[in-house]
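**Q** Need a 3D model of the sequence below.
(2 chains)
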There are 2 protein chains.
Amino acid sequence: MDLSKEIASKGRLVDDFMLELLKICTSDELYEILVHQVASGGKRVRPALAILSCEAVGGNSELAIPAAAGVELIHNYTLIFDDIIDRSELRRSLPTVRAKYGDVMAVLAGMHYREAVFEAAIRSPKSRKIEKIFSVALKRIIEGERLDVLFEQAGRESEYIKKMRRTSISEKDYLEMVEAKTAVLFEASCKAGGIVGNGPRTQVDALSKFGRNCGMAFQIKDDILDIVGDSGDFGKEVGKDIKEHKLGNLALLRALAEVSDNDREKLTAILKSPFIRDSDVKKTIKTILLKDAIECAYKKSRSFIATAKSNLDRIPPSKAKHTLVCIADFIIERKF
Amino acid sequence: MDLSKEIASKGRLVDDFMLELLKICTSDELYEILVHQVASGGKRVRPALAILSCEAVGGNSELAIPAAAGVELIHNYTLIFDDIIDRSELRRSLPTVRAKYGDVMAVLAGMHYREAVFEAAIRSPKSRKIEKIFSVALKRIIEGERLDVLFEQAGRESEYIKKMRRTSISEKDYLEMVEAKTAVLFEASCKAGGIVGNGPRTQVDALSKFGRNCGMAFQIKDDILDIVGDSGDFGKEVGKDIKEHKLGNLALLRALAEVSDNDREKLTAILKSPFIRDSDVKKTIKTILLKDAIECAYKKSRSFIATAKSNLDRIPPSKAKHTLVCIADFIIERKF
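**A** Modelled structure (predicted):
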């Protein structure tokens, strides 16, 4: 089985449905913009997790389609605003919504996405529960994004951000940020799937924890790919975190803890400089690679995956459970 | 009775509740930003309409508090993004969220507001109906804002907007834009109030139409105030629409229809110029005032108010109904 194809095929089950939901009460002109975001692809890991979690508790996959579409719409909703916030030009090797249509249209498209999330939720079994899961997740993601921005060391003109910026970040701070920014939506995907599949409480809890731990590992792997990835595979610019002055990258944080005082000062100076040149990005990556920061980050990521898998002990054996385990492994192994 | 005090006192019933809803699942740091938007005031017309509509169909005002808080949160949600889109510095004579905290924090605060709207809706009687009213209204508002931006004649760098810009706008186009941008939320406020008050269908429909027509009149009055208002009363910069190259202002549209070809060319050239000087704004206002464009706009606004009031014929007499009539008149008479 080619797992990324398996994930994509589960994910595709929601593609048409997402478009249907986005189309409700939309002008043709706005719809064109809305489509650009979901049509630009994505791994569809979150909807796959929702559908598989539903199946893993014995539910029919059909039950999970609205919730699965909902989590993918949430993901895309936050990506549109993320790209606005980070002024990103490329995502999945294509122009971002803001790059193609401008920031104003991206804001409006983003706002419409939130309404499509609502349309997804009300079409789901146990819709009120699903809505609450979605809304709480969104609030946590907003908080995660807020912290991620405050963990940047330069690059923002806002006096408020300059004042509130966190210049020293512990691993605990980092993990809190990542939990909110990324893990919460993985958790919500699995939880929603378990709930619409009518799973017993213990199984839904187990799936939620599986999802959260997968999400932690996923973000750490993203951090690693940001440093050592191949931009062709990754679909994002390598070194983007560094270029964006982000201290919220585990490989970078580990490297900073390990390097000599002299190198630490140099790296910090680069992150704090108002404009980071490509040569500085390369220099930073080189310094990170000289230390075993990448291996440390992998270790942390693997330990989250191990915890994730151990949570599945409470789920009875099934093809869906097996695929969930494979997804957990894929999160570490993926090159994109 | 001082009506604006009466409106404010109805509105105040929702203030604490809005803060409570905004506080759910928020960090203290983000909450400070969220509070700035609602604490900066506002007339609270929309929640007053919701509460009075509930009372007008015989419902207890308590029933309408969540829906009333919801419509005011929607209003503030859209204002936060509006100010980002228009790069506004001042609202209600105070710095906008984006001016005080920067665009990034404003985006995140805006996104959180949408979740507070959800929290309001689920606390309302007939919550699912209320949620749908809110979501449909939001999608229409997004569309209205989109049109408003496309009705601008310059001032945006986006190639997409430059390509899609509407250079010729009929009164029908204008009215469609205003209906979506403003009237829809007035309609939703009254409709939600009627529904939570358990009003019969005919009364809810009558209140909805009352609200929509009041909303149309409200926006036209806003357009008028933008040209002839006193910035001290109005809380916004006078001539802001002109400065923002907006053709979507009824007084301006009427003036353009009336002036000589020569003056029309001059006005159009001003609106299309990349940067509009204060002297150009003054010149434009002067040209508008020379014609009876303001009186024409007043006439249109008054006719919407007359229609609004006629819709109340189907509502039995009550103190609440009387206050609704007074609000309709206030919409025309207000100086802010």
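**Q** following the helix or strand of chain A with the lowest mean pLDDT, which helix or strand comes up?
**A** The weakest-scoring helix or strand in chain A, judged by mean pLDDT, DSSP states H and E, is helix A:231-234 (a mean of 64). Heading C-terminal from helix A:231-234, the first helix or strand you meet, by DSSP states H and E, is helix A:240-243.
**Q** Report all helices and strands that that next one contacts.
**A** When contacts are defined as 3 or more C-beta pairs under 8 Å, 6 or more residues apart in numbering or on different chains; DSSP states H and E, helix A:240-243 packs onto helix A:201-228, helix A:278-290. Placement of C-beta: from N, CA and C, glycine included.
**Q** Would you mind putting the CA coordinates of whichever helix or strand comes after that helix into PDB?
**A** Next along the chain after helix A:240-243, taking DSSP H and E as the criterion, comes helix A:250-258. C-alpha atoms of helix A:250-258 as PDB (Å, rounded to 0.1, in the frame of the first residue of the first chain):
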ATOM      1  CA  LEU A 250      12.700  22.900  17.600                       C
ATOM      2  CA  ALA A 251      15.800  22.100  15.500                       C
ATOM      3  CA  LEU A 252      16.900  25.700  15.800                       C
ATOM      4  CA  LEU A 253      16.100  25.900  19.500                       C
ATOM      5  CA  ARG A 254      18.100  22.700  20.100                       C
ATOM      6  CA  ALA A 255      21.000  24.000  18.000                       C
ATOM      7  CA  LEU A 256      21.000  27.300  20.000                       C
ATOM      8  CA  ALA A 257      21.200  25.300  23.200                       C
ATOM      9  CA  GLU A 258      24.200  23.300  22.000                       C
END
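**Q** what's the model's confidence in helix A:250-258, averaged?
**A** Mean per-residue pLDDT for helix A:250-258: 94.
**Q** interface residues of the stretch 1-150 of chain A facing chain B?
**A** A:24-27, A:29-30, A:81, A:84-85, A:100-105, A:107-108, A:111-112, A:114-115, A:118-119, A:122, A:128, A:131-132, A:135-136, A:138-140, A:142-143, A:145-146, A:149 (C-beta under 8 Å from any C-beta of the partner chain).
**Q** how far is stretch A:158-169 from where the chain is centred?
**A** 23 Å (C-alpha atoms, centre = their mean, to the nearest Å).
**Q** and what of stretch A:6-13?
**A** In terms of C-alpha atoms, centre = their mean, the centre of stretch A:6-13 is found 17 Å from the chain centre.
**Q** ok, and what's touching that stretch?
**A** For stretch A:6-13, the surrounding residues in contact (C-beta atoms under 8 Å, 6 or more residues apart in numbering or on different chains) are A:42-45, A:47-48, A:51-52, A:61, A:65, A:68, A:72, A:323, A:326-327, A:330.
**Q** residues of it that come out buried?
**A** By 16 or more other C-beta atoms under 10 Å in any protein chain shown, the buried positions in stretch A:6-13 come out as A:6-8, A:10-11, A:13.
**Q** follow-up on the earlier one: between the helices and strands packed on helix A:240-243, which one is closest to chain B.
**A** With C-beta to the nearest C-beta as the criterion, chain B lies closest to helix A:201-228 of those, at 16.4 Å.
**Q** returning to what we had before: highest mean neighbour count out of the helices and strands packed on helix A:240-243?
**A** helix A:201-228 (a mean of 23; mean count of other C-beta atoms under 10 Å in any protein chain shown).
**Q** excluding its backbone neighbours, what's nearest residue A:325?
**A** Leaving aside its sequence neighbours, residue A:325 sits nearest to residue A:309 (C-beta to C-beta, 6 or more residues apart in numbering or on different chains; 5.9 Å).
**Q** List the contacts of the residue nearest in space to the middle of chain A.
**A** Geometric centre of chain A, nearest residue: residue A:182, 4.5 Å, by C-alpha atoms, centre = their mean. Neighbour list for residue A:182: A:144, A:215-216, A:218-219, A:222 [criterion: C-beta under 8 Å, 6+ apart].
**Q** now these in CSV, with distance to residue A:163?
**A** As requested, the contacts of residue A:182 are exported to CSV (distance: C-beta to C-beta, whole Å):
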residue, distance to residue A:163
A:144, 20
A:215, 30
A:216, 30
A:218, 32
A:219, 27
A:222, 29
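**Q** backbone phi and psi for the closest residue to chain B within the stretch 151-300 of chain A, please?
**A** Residue nearest to chain B within the stretch 151-300 of chain A: residue A:158 (2.7 Å; C-beta to the nearest C-beta). Backbone geometry at residue A:158, expressed as degrees, to the nearest 10, gives phi -60, psi 120.
**Q** What separation do you get for the residue nearest to residue A:325 and chain B?
**A** Separation of residue A:309 from chain B (C-beta to the nearest C-beta, to the nearest Å): 29 Å.
**Q** burial count for that residue?
**A** Residues near residue A:309, counting by other C-beta atoms under 10 Å in any protein chain shown, number 16.
**Q** what residues are up against it?
**A** A:210, A:325, A:328.
**Q** between the residues you listed, which is nearest residue B:200?
**A** Nearest to residue B:200, judged by C-beta to C-beta, of those is residue A:210 at 50.5 Å.
**Q** The closest one contacts residue A:325, doesn't it?
**A** No: look at residue A:210 against residue A:325 with C-beta atoms under 8 Å: they stay out of range, at 9.4 Å.
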